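# I would like to see how this sequence folds:
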Amino acid sequence: MDPETSIWDADAFRTALKDSKHIVAIAGAGLSAASGIPTYHDGGGLWRTLDATALASPEAFKDNPSLVWQFYHYRRNKALEAKPNPAHEVVAKMSVPQCLKKVAPNAQSFHLITQNIDRLSVDALRTLVQSLSTGPTKPTVYKDSILEMHGRLFDVQCTQCEYRAEDRSSPLTPALGAADGDLRTYQDAGTKAIHIPEEQLPRCPKCGALARPGVVWFGERPLHLDEINSIMYKADMCLVIGTSSQVRPASTYAYRVRRRGGKVALFNMDPSEKDVAGADFVFKGPCEALLPAVLPELQ
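Below is the predicted model of the structure:
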């Protein structure tokens, strides 16, 4: 990234942010990369030999719930080990009016629309609120400031009834824990997968039916779409953080803001030409370095 261009973009972006009233951030995998959360395209370790996207669908779960649950058990453990990084912390401060006003004094609302399921943005905000609560003024948080459109990794959802709840215990069942040690001995989990009988997979505590991960799979409707559409209609500043123009419907949101006269700021490691063409301000690099540098008041 050219330092002169960066400085110009930062100054111009900060000026535009000061005038913004309704700010929205669209976040993707790049936000959590520095926290050690693997993406679908970089499953890490044993799962690198599998097409991870093929494990994230209702069809895959119907065909092989044992393998899908083992994949999500792996992902849950990676997320349990992870901690919010500086980019999460900057975004968390934007959810708190007394913090956001430092860089956006005219702000009336802030929303983070995240495609991530790792809960790190929620954890960062929770930690921030707890730390601010020790001061003389109790912090407030913008209403519905975090919308997890692809669900939540730690949610366990029944396949039959309405039960859905967060459960951060690991393993969820003894069989998933036992498979852990065996999987580590294999070079290729795709050809030497361990079969866990369905009755030993997570079950609904309410009705006893087979449970599934509480995430949105390919082919399923993302969550909060009506609320997100209303938010995008008002937004006059959109921060695109660690995501590209490839994933719909999130990829359309920045375009909609700009079409209505709003500004778009892009924070990404490797933005495409299409991403750059659709942004007013472009910051190329790791989110955990860019956001604190551009918005030092929110460190």
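
# going by C-alpha atoms from here, please, whenever you check contacts or count neighbours.
Will do.

# where does this protein dip in pLDDT?
Scanning the chain for pLDDT under 70 picks out the ranges 1-8, 39-52, 181-193, 245, 247-248, 250.

# can you map out the strands along it?
Secondary structure of the chain (DSSP state E): strands at 22-27, 109-114, 146-148, 151-158, 164-166, 211-215, 237-241, 263-268, 281-284.

# save those as a markdown table, and put in mean neighbour count and distance to Glu227 too.
Converted to a markdown table, those look like this (neighbours: other CA atoms under 10 Å; distance: least, CA to CA, whole Å):
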| stretch | mean neighbour count | distance to Glu227 |
| --- | --- | --- |
| strand 22-27 | 24 | 13 |
| strand 109-114 | 24 | 10 |
| strand 146-148 | 21 | 9 |
| strand 151-158 | 22 | 15 |
| strand 164-166 | 15 | 21 |
| strand 211-215 | 23 | 18 |
| strand 237-241 | 26 | 16 |
| strand 263-268 | 26 | 20 |
| strand 281-284 | 22 | 26 |
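
# in TSV, list those strands along with distance to Val294.
Output for the strands of the chain, formatted as TSV (distance: least, CA to CA, whole Å):
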stretch	distance to Val294
strand 22-27	15
strand 109-114	18
strand 146-148	22
strand 151-158	29
strand 164-166	35
strand 211-215	32
strand 237-241	12
strand 263-268	10
strand 281-284	9
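
# which one of the ones you listed lies closest to Ser66?
In terms of CA to CA, the element of those nearest to Ser66 is strand 211-215, at 10.5 Å.

# so what's the nearest residue to Tyr233 once chain neighbours are set aside up against?
Spatial nearest neighbour of Tyr233, chain neighbours left out: Val257 (7.4 Å); criterion: CA to CA, 6 or more residues apart in numbering. Residues near Val257 by CA atoms under 8 Å, 6 or more residues apart in numbering: 232-233, 235-238, 263-264.

# which of these sits closest to Arg76?
For those, the nearest to Arg76 is Cys238 (29.7 Å; CA to CA).

# residues contacting the closest one?
23-26, 254, 257, 262-265.

# from those, which is closest to Arg152?
Ile26 (16.4 Å).

# against Val103, how distant is the closest one?
Separation of Ile26 from Val103 (CA to CA, to the nearest Å): 18 Å.

# same deal with Gly36?
Distance from Gly36 to Val103, by CA to CA: 29 Å.

# and the helices in the stretch 1-150 of the chain, which stretches?
Assigned by DSSP state H, counting those that start in this stretch, the stretch 1-150 of the chain shows helices spanning 3-19, 29-32, 58-63, 65-81, 86-94, 97-100, 120-132.
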